[in-house]
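Peer 1: the following block contains a protein sequence and its predicted model.
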Amino acid sequence: MIPLFVRMTGKKVVIAGGGQIAYRRLLPLLHEGAHITVISPEVIDEIVHLAQQQQITWHAREIEPNDYADAFLIIAATNDPNVNEQIATYAAPNQLVNVASHHLLGNVHVPAFFSRGKLQIAITTGGASPTLAKQIKKQLEQIFDESIAEYIDELYEQRQQRKEP
Ligand SMILES: C[C@@]1(CC(=O)O)c2cc3[nH]c(cc4nc(cc5[nH]c(cc(n2)[C@H]1CCC(=O)O)[C@@](C)(CC(=O)O)[C@@H]5CCC(=O)O)C(CC(=O)O)=C4CCC(=O)O)c(CCC(=O)O)c3CC(=O)O
Ligand SMILES: NC(=O)C1=CN([C@@H]2O[C@H](COP(=O)(O)OP(=O)(O)OC[C@H]3O[C@@H](n4cnc5c(N)ncnc54)[C@H](O)[C@@H]3O)[C@@H](O)[C@H]2O)C=CC1
């Protein structure tokens, strides 16, 4: 696997499942302006709320292959490993698929990550220990505190000016 930072604005994302994990995946995508559809018979209150506010679409039923045929990114976050596996199987080879229940399925892993303005730091252990990824993130959050965001903004401005003809 290689790390990529993907611009998700306007991209169609289909999330199967509506528990805490689905919600955790959903939030940064929503923040980035992705078009999110959650398909799940039941969802947590936070997801109900987002659907009521029309920030996302929620279909209260089980997922079917047709639901994600044209999705850019599919997130399989149900609590049924067979359903998640089926999603990975039915997805087209050119789709991005994240399977929360099994690190060897799908083609995208979600890292532990944090941002300081334009600086983004992401850590993965390739399924070895998500808990360790979280611990490393916490250590790096101490090293790169909020003050670095302003410095990086300055670097950005200076660089843009240098690039101007
Ligand atoms: C493959 C991946 C999924 C993907 O890419 O979507 C995956 C898979 C699995 N996680 C499981 C369990 C836990 N995951 C966490 C936490 C996090 N897990 C995250 C990512 C990933 N987890 C990807 C690999 C990343 C990597 O390896 O580094 C983080 C970094 C990001 C995020 O989820 O947002 C987030 C920390 C976020 C943060 O705080 O920064 C905790 C601890 C906790 O919640 O506090 C536990 C319980 C302890 C334990 O079991 O270790 C299980 C067993 C499930 C079961 O028993 O059914 C599987 C299945 C499997 O391993 O196959
Ligand atoms: N960080 C990570 O990557 C972690 C991943 N996991 C994995 O993620 C899975 C989901 O975790 P939680 O959100 O806590 O589970 P949860 O049990 O709270 O939620 C599961 C959701 O899946 C929905 N669902 C069940 N069958 C469905 C179907 N056929 N179609 C659509 N939706 C369906 C349910 O209605 C429910 O909303 C876990 O089972 C586990 O395998 C668990 C912990 C951490």
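Peer 2: Received it, and whenever you're ready, just let me know what you need. Ligands and ions are numbered 1, 2, ... in the order given.
Peer 1: alpha carbons only for contacts and neighbour counts from here, please
Peer 2: Fine.
Peer 1: what number of residues are in the vicinity of the nearest residue to Glu150 once chain neighbours are set aside?
Peer 2: Residue nearest to Glu150 in three dimensions, not counting chain neighbours: Gly117, with 7.4 Å by C-alpha to C-alpha, 6 or more residues apart in numbering. Neighbours of Gly117 under the rule other C-alpha atoms under 10 Å: 14.
Peer 1: Gly117 contacts Tyr151, correct?
Peer 2: No - using C-alpha atoms under 8 Å, Gly117 makes no contact with Tyr151, being 9.4 Å away.
Peer 1: quick revisit: residue contacts, the residue nearest to Glu150?
Peer 2: Going by C-alpha atoms under 8 Å, 6 or more residues apart in numbering, Gly117 touches Ala149, Glu150, Ile152, Asp153.
Peer 1: roughly how far does it sit from Gln158?
Peer 2: 16 Å (C-alpha to C-alpha, to the nearest Å).
Peer 1: again with Pro65
Peer 2: 48 Å.
Peer 1: residues from this protein in reach of ligand 2?
Peer 2: Listed as neighbours of ligand 2 in the chain under the rule C-alpha under 6 Å from any ligand atom: 16-22, 39-43, 62-63, 77-80, 83, 100-101.
Peer 1: out of those, which end up buried?
Peer 2: Buried members of the residues of the chain next to ligand 2, scored by 16 or more other C-alpha atoms under 10 Å, are 16-19, 22, 39-40, 42-43, 63, 77-78, 83, 100-101.
Peer 1: what about ligand 1: which of these touch it?
Peer 2: Near ligand 1, by the rule C-alpha under 6 Å from any ligand atom, you find Ala100, Ser101 out of these.
Peer 1: surely Gly33 and Arg7 touch.
Peer 2: No - the criterion here is C-alpha under 8 Å, and Gly33 misses it with Arg7 at 9.3 Å.
Peer 1: who's more crowded, the two?
Peer 2: Neighbour comparison, Gly33 and Arg7: the larger count goes to Gly33, with 15 against 11 (by other C-alpha under 10 Å).
Peer 1: that one sits in which helix or strand?
Peer 2: Assigned by DSSP states H and E, Gly33 belongs to no helix or strand.
Peer 1: can I get the longest helix anywhere in the chain as PDB, trimmed to CA atoms?
Peer 2: With secondary structure taken from DSSP state H, the chain has its longest helix at helix 147-163. C-alpha atoms of helix 147-163 as PDB (Å, rounded to 0.1, in the frame of the first residue of the first chain):
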ATOM      1  CA  SER A 147       1.400  26.800  16.500                       C
ATOM      2  CA  ILE A 148       2.800  25.100  13.400                       C
ATOM      3  CA  ALA A 149      -0.400  25.800  11.300                       C
ATOM      4  CA  GLU A 150       0.400  29.500  11.200                       C
ATOM      5  CA  TYR A 151       4.000  28.800  10.200                       C
ATOM      6  CA  ILE A 152       2.900  26.500   7.400                       C
ATOM      7  CA  ASP A 153       0.400  29.100   6.100                       C
ATOM      8  CA  GLU A 154       3.300  31.600   5.900                       C
ATOM      9  CA  LEU A 155       5.400  29.100   4.000                       C
ATOM     10  CA  TYR A 156       2.500  28.600   1.600                       C
ATOM     11  CA  GLU A 157       2.100  32.300   1.000                       C
ATOM     12  CA  GLN A 158       5.800  32.800   0.400                       C
ATOM     13  CA  ARG A 159       5.900  29.900  -2.000                       C
ATOM     14  CA  GLN A 160       2.800  31.100  -3.900                       C
ATOM     15  CA  GLN A 161       4.500  34.600  -4.300                       C
ATOM     16  CA  ARG A 162       7.700  33.000  -5.600                       C
ATOM     17  CA  LYS A 163       5.700  31.000  -8.100                       C
END
